[in-house]
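>>> Dropping a prediction and its sequence here:
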Amino acid sequence: MSTKKAKISANTIARTICLVVALVNQILAIYGKEVLPFTEDSIYQIVSLIATLITAGVAWWKNNSFTSAAIEADDYMNCLKGKE
């Protein structure tokens, strides 16, 4: 059995949110209340934006070594930590 954690795709999250919004809209319509003013496309756009912002934040936060000196320093640090 693999211990690798499966990742949920942004499309799956967007479809799930769309389903929840559709169900809430249906319940509101049944009880004569005003429905929510969201379309599936706008929800997908919002979820995609959130996923992009999270990805950008993680990429920015991680140690990104581009120069040969920085890569060499990373190797040295990993040796000190016992990772190599």
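Perfect, I can see it now.
>>> which stretches of the protein form helices?
For the chain, the helices defined by DSSP state H occupy 10-30, 40-61, 68-81.
>>> Who are the contact partners of the nearest residue to residue 17 once chain neighbours are set aside?
Computed as Cβ to Cβ, 6 or more residues apart in numbering, the closest residue to residue 17 that is not its neighbour in sequence is residue 43, at 5.4 Å. C-beta: built from backbone N, CA, C; applies to glycine. Applying Cβ atoms under 8 Å, 6 or more residues apart in numbering to residue 43 gives the contacts 14, 17-18, 21.
>>> Same list (the helices of the chain) but as JSON lines, adding mean pLDDT.
Formatted as JSON lines, the helices of the chain follow (pLDDT from 0 to 100):
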{"stretch": "helix 10-30", "mean pLDDT": "83"}
{"stretch": "helix 40-61", "mean pLDDT": "83"}
{"stretch": "helix 68-81", "mean pLDDT": "90"}
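>>> Just give me the residue right at the centre of this structure.
For the chain, residue 51 is the residue whose C-alpha lies nearest the centre (Cα atoms, centre = their mean; 3.6 Å).
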